[in-house]
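Structure, please.
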Amino acid sequence: MKVLVADKFESSGIAGLEDAGCEVIYQPDLEEDALTDAIRASSADVLVVRSTRVTTPMLDAGRLSLIVRAGAGYNTIDVAGASTRGIYVSNCPGKNAIAVAELALALMLALDRRVPDNVAELRAGKWNKKEYSKAQGLFGKTLGLLGVGNIGQEVIRRAAGMGLHVVVWSRRFAGQHRLMSDRETRELGLEEAARQVRLEIAPTPGDVAARADIVSIHLALGPETKGLVNAALLARMKPGAFLINTARGEIIDHAALSAAVREKGLRVGLDVFDNEPATPTGDFRSDLIGLPNVYGTHHIGASTAQAQEAIAAETVRIVRSYKETGRVPNVVNLARRTPATHMLVVRHRDRPGVLAHVFDLLREADLNVQETENIVFEGAQAAVARINLDGAPASMLCDRIKGGNADVLDLQVVQL
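Predicted coordinates for the structure are as follows:
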């Protein structure tokens, strides 16, 4: 199996892929037309990327069957295009969660103590203890989280140790206003945090904004979250409150945020932007970053050595599983529900031609097979095939299947 790695990747990951028996082509500086050409020339089965965009021409250039995003998000990949071409898209969720959580907390502390401004004045030869002694402190403040996935959970664990109260909104709790239950804290691995602080659920993102001294965003980007942090939500935030975004830049309406910084004195820490350069280095301009009390970093949330080693190991696990079993962990583009309406359950002797007989008759009846699974019993004398269809097989068709091959032992139709 050929694996084309088209972004910077840990040496441990390269070694792991080679140990799995893969031929690794490591070209970390590829992008756009050069990447398209490399996919075509290499005939790679698997493409591994981090921030590099994967476009339609790349999907059509070669024989890719799997794309691995060596990170959590996958908005830089043409997932819809991959789906129409039968190409798996997989990612590495949760492996950078601690790194991103650490940066979110670092931005909160930097805003409170104005660390970048302290450093800038000291480097300019100025001593201004009087000005920079005016920090409020974070202990006892209320931290509001939008999103309680892997990263949000890691933020909660650290926030509890700092004495921050926590109020959260998540789509899984939408519309609810209550304390998080013991069962929920166990499922999320937050029992220790719940013993230290109250974990409150708010019914809407706006309610989190109204309650919190600090709002931190940990949501995936999608149609329902793009522009979620808009003028209406920002209007509900307390004057002087903190807003942290280490998720995706497009979740925030940056024009509305600029106005809120000016009018309400919001203090903002951003690791992501809606107009980031497409390359690792380049020119960047943002009117928002030029405002007082707005600090920015270079989309580095996941960029710690620890996180990258964990992501490399997960990438190796994904590729190894695909190579050895045909199964792909963490697939993001499989249908949650197929158009199947009926299941045909065929109990049969485990002999050549039985399933070919079944599929030939299904094709004649213009019934499309959506999914199929064949379970073989011990001794390999008999098996059961479960075949999901996009329509109901007629009784006459079932009779033909049963009567047309002596190795078909029984037949059952189940409505899904």
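
State the distance from G189 to E154.
Separation of G189 from E154 (CB to CB, to the nearest Å): 10 Å. Heads up, the C-betas are built off the backbone N, CA and C, glycines and all.

Tell me if I'm right that V408 and H357 touch.
Yes - using CB atoms under 8 Å, V408 makes contact with H357 at a distance of 7.5 Å.

contacting residues around D213?
Applying CB atoms under 8 Å, 6 or more residues apart in numbering to D213 gives the contacts K141, T142, L143, K238, A241, F242.

The nearest residue to N128 once chain neighbours are set aside: which element?
Spatially, and ignoring its direct neighbours in sequence, N128 is nearest to E121 (5.5 Å; CB to CB, 6 or more residues apart in numbering). Secondary structure from DSSP states H and E places E121 in helix 115-123.

Same check on S286?
Counting by DSSP H and E, S286 is found in no helix or strand.

buried ones in the helix or strand containing G16?
Using DSSP H and E, the element containing G16 is helix 11-19. Under the neighbour-count criterion of 16 or more other CB atoms under 10 Å, helix 11-19 has G13, I14, G16, L17 buried.

For those residues, which two are the farthest from each other?
Using CB to CB, the buried residues of helix 11-19 reach their maximum pairwise distance at I14 and G16, which is 7.3 Å.

could you list every residue that touches E314?
The contact partners of E314, by CB under 8 Å, 6+ apart, come to C92, K95, N330.

Could you check which helix or strand contains the first one?
Read that as C92. Using DSSP H and E, C92 falls outside every helix and strand.

wouldn't it be in contact with A72 here?
Yes - C92 is within contact range of A72, at 6.6 Å (criterion: CB under 8 Å).

how big is the angle separating the top helix by length along the chain from helix 11-19?
The residue-count maximum for a helix in the chain (DSSP state H) belongs to helix 305-325. For helix 305-325 against helix 11-19, the angle by axes from the mean of the first three to the mean of the last three CA atoms, to 10 degrees is 10 degrees.

Please point out which parts of helix 305-325 sit buried.
Residues 307-308, 310-316, 318-323 are the ones in helix 305-325 that count as buried (16+ other CB under 10 Å).

What residues does the residue nearest to R211 when sequence neighbours are not counted make contact with?
Nearest non-adjacent residue to R211, counting by CB to CB, 6+ apart: V167, 5.1 Å away. The neighbourhood of V167, defined by CB under 8 Å, 6+ apart, consists of T142, L143, G144, L145, E200, I201, A202, V208, R211, A212.

how many neighbours does the last one have?
Spelled out, it's A212. Residues lying near A212 (other CB atoms under 10 Å) number 27.

which one is it nearest to, not counting chain neighbours?
Distances taken as CB to CB, 6+ apart put G144 closest to A212, at 2.9 Å, once the chain neighbours are dropped.

about what we covered before: what helices or strands is the helix holding E121 leaning on?
Applying 3 or more CB pairs under 8 Å, 6 or more residues apart in numbering; DSSP states H and E, one finds that helix 115-123 contacts helix 129-132.

Not counting its own residues, what contacts the helix it packs on?
Residues from elsewhere that reach helix 129-132 (CB under 8 Å, 6+ apart): R113, R114, D117, N118, E121.

Helix or strand: which one has E373?
Assigned by DSSP H and E, E373 belongs to strand 369-376.

how far off strand 369-376 does the helix or strand just after that strand point, in degrees?
The helix or strand immediately downstream of strand 369-376 is strand 382-389, counting by DSSP H and E. For strand 382-389 against strand 369-376, the angle by the same axes, to 10 degrees is 170 degrees.

Partner strands of strand 382-389, with direction?
strand 342-349 (antiparallel), strand 369-376 (antiparallel) (DSSP bridges).

quick one: buried residues of the helix or strand following it?
Note on strand 382-389: by DSSP H and E, the next helix or strand toward the C-terminus is helix 395-403. Residues of helix 395-403 classed as buried by neighbour count (16+ other CB under 10 Å): L397, C398, R400, I401.

In PDB, list the C-alpha atoms belonging to helix 395-403.
Provided in PDB are the C-alpha atoms of helix 395-403 (Å, rounded to 0.1, in the frame of the first residue of the first chain):
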ATOM      1  CA  SER A 395     -42.800 -12.800  -2.700                       C
ATOM      2  CA  MET A 396     -42.200 -14.300  -6.200                       C
ATOM      3  CA  LEU A 397     -38.600 -13.100  -6.100                       C
ATOM      4  CA  CYS A 398     -38.100 -14.700  -2.700                       C
ATOM      5  CA  ASP A 399     -39.500 -17.900  -4.100                       C
ATOM      6  CA  ARG A 400     -37.100 -17.800  -7.000                       C
ATOM      7  CA  ILE A 401     -34.100 -17.200  -4.700                       C
ATOM      8  CA  LYS A 402     -35.100 -20.100  -2.400                       C
ATOM      9  CA  GLY A 403     -36.000 -22.500  -5.200                       C
END
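
domain parsing for the protein?
Residue ranges for each domain of the chain read 2-95+306-325, 97-301, 342-415, as given by automatic domain parsing.

Need those in JSON lines (columns: distance to L334).
JSON lines is the format used below for those (distance: least, CB to CB, whole Å):
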{"stretch": "domain 2-95+306-325", "distance to L334": "8"}
{"stretch": "domain 97-301", "distance to L334": "17"}
{"stretch": "domain 342-415", "distance to L334": "10"}
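
Tell me which of those domains sits most buried.
domain 2-95+306-325 (a mean of 19; mean count of other CB atoms under 10 Å).

ends of it, how far apart?
End-to-end distance of domain 2-95+306-325 (CA to CA, to the nearest Å): 16 Å.

again with stretch 191-206
Stretch 191-206 stretches 26 Å from its first residue to its last (CA to CA).

List the contacts of that stretch.
Contacts for stretch 191-206 (CB under 8 Å, 6+ apart): 144, 146, 156-157, 159-161, 163-170, 173-180, 182, 185, 190, 208, 211, 228-229, 232-233, 236.

out of the residues you listed, which are inside helices?
Residues of the contacts of stretch 191-206 located in helices (DSSP H): I156, R157, A159, A160, G161, D182, T185, V208, R211, A232, L233.

Pick out the most distant pair among these.
Spanning the widest gap among the ones in helices among the contacts of stretch 191-206 are D182 and A232, at 34.2 Å by CB to CB.

How much space separates F284 from G296?
F284 is 9 Å from G296, by CB to CB.

Cheers, nothing more for now.
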